[in-house]
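**Student:** what follows is a predicted structure for the sequence shown.
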Amino acid sequence: MRRSTFNLVCSRFFVFQTNHRPIIGTCACSDSAVKQILLTMNEKNPFVIEDLDDFHLVIKADEEFRVRRELEAELEKNTYSLEAN
């Protein structure tokens with residue numbers, strides 16, 4: 001199994017949207033390639049609250065498990081493995 005390069009780097013915190021409704025977010029750290037995969041996944045089912053820089057995203061805390069699962073599946077599809085004959 002491939003080790004995920006998607007790590008949580010800080011605790012949950014509240015982010016206030018324009019309508020002043022708080023959303024609990026989690027800061028996610030990844031390399032730039034994984035971040036691009038996350039941004040592509042976000043286009044289908046939005047979960048990113050804020051794109052901070054080249055390596056950090058704030059994502060919805062209640063979407064964290066789903067995002068991890070989908071990212072792991074995406075990374076597995078792109079992993080080459082040698083199979084014994």
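**Tutor:** Yep, it's here.
**Student:** V34 versus N45, what's the distance?
**Tutor:** 17 Å (CB to CB, to the nearest Å). Glycine gets a C-beta too; all of them are placed from N, C-alpha and C.
**Student:** quick one, which of the two is more surrounded?
**Tutor:** Taking other CB atoms under 10 Å, N45 and V34 do not tie; V34 has more neighbours (19 against 10).
**Student:** and that one, helix, strand or coil?
**Tutor:** helix (DSSP: H, G, I helix; E, B strand; the rest coil).
**Student:** these two touch, right, it and L71?
**Tutor:** Yes: contact criterion CB atoms under 8 Å: V34 and L71 qualify, at 7.1 Å.
**Student:** is I23 located within a helix, as I assumed?
**Tutor:** No: counting by three-state DSSP, I23 is not part of a helix but strand.
**Student:** for it, the count of nearby residues, please.
**Tutor:** 14.
**Student:** isn't it right next to K60, touching?
**Tutor:** Yes: contact criterion CB under 8 Å: I23 and K60 qualify, at 6.3 Å.
**Student:** mutual contacts of these two, please.
**Tutor:** I49 (CB atoms under 8 Å, 6 or more residues apart in numbering).
**Student:** right, I'll leave it there.
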